[in-house]
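# Need coordinates for the below:
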Amino acid sequence: MSAFVVLIRNNTKDQAELDVYGALASQARDGHNITPLAFYGELERLEGQEPEGAVILKFDDIDAAKRWYYSPEYQTAKAHRNLGADYTVFILDGVH
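Residues are numbered from 1 along each chain as shown. Below is the predicted model:
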């Protein structure tokens, strides 16, 4: 069953750190079967807090999503993401 990682950028604190994050996060995808479904495209808030941007990544299953998220490579990138912006991040199990 597919799984999705959703990353919602709520507030940028340091663009330079986000630039480092972007480069490292891109490298952290190596060896993982990830399909980007949405990547900081135009969005329209319908309810709730106004996000600055969002990403939706598709994985083969929830275990694959967790292997990527908890990988040493992504955790290194995540440290820069946390310095660069406030995010909400979650894994969502698919329906089929």
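# Which stretches in the protein count as strands?
If DSSP state E is used as the criterion, the strands of the chain fall at 3-12, 35-39, 53-59, 85-93.
# what's the closest of those strands to residue 21?
Proximity to residue 21 (C-beta to C-beta) singles out strand 85-93 among the strands of the chain, at 8.3 Å. For every residue, glycine as well, the C-beta is placed using N, CA and C.
# any idea of the pLDDT on the closest residue to residue 15 other than its chain neighbours?
Leaving aside its chain neighbours, residue 15 sits nearest to residue 84 (6.9 Å; criterion: C-beta to C-beta, 6 or more residues apart in numbering). For residue 84, the model assigns a pLDDT of 98.
# what's the neighbour count on residue 84?
Residue 84 has 20 neighbours, counted by other C-beta atoms under 10 Å.
# hey, which of the strands of the chain is tucked in deepest?
strand 53-59 (a mean of 18; mean count of other C-beta atoms under 10 Å).
# Can I get the strands of the chain in CSV including distance to residue 74?
Putting those into CSV (distance: least, C-beta to C-beta, whole Å) gives the following:
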stretch, distance to residue 74
strand 3-12, 10
strand 35-39, 15
strand 53-59, 11
strand 85-93, 11
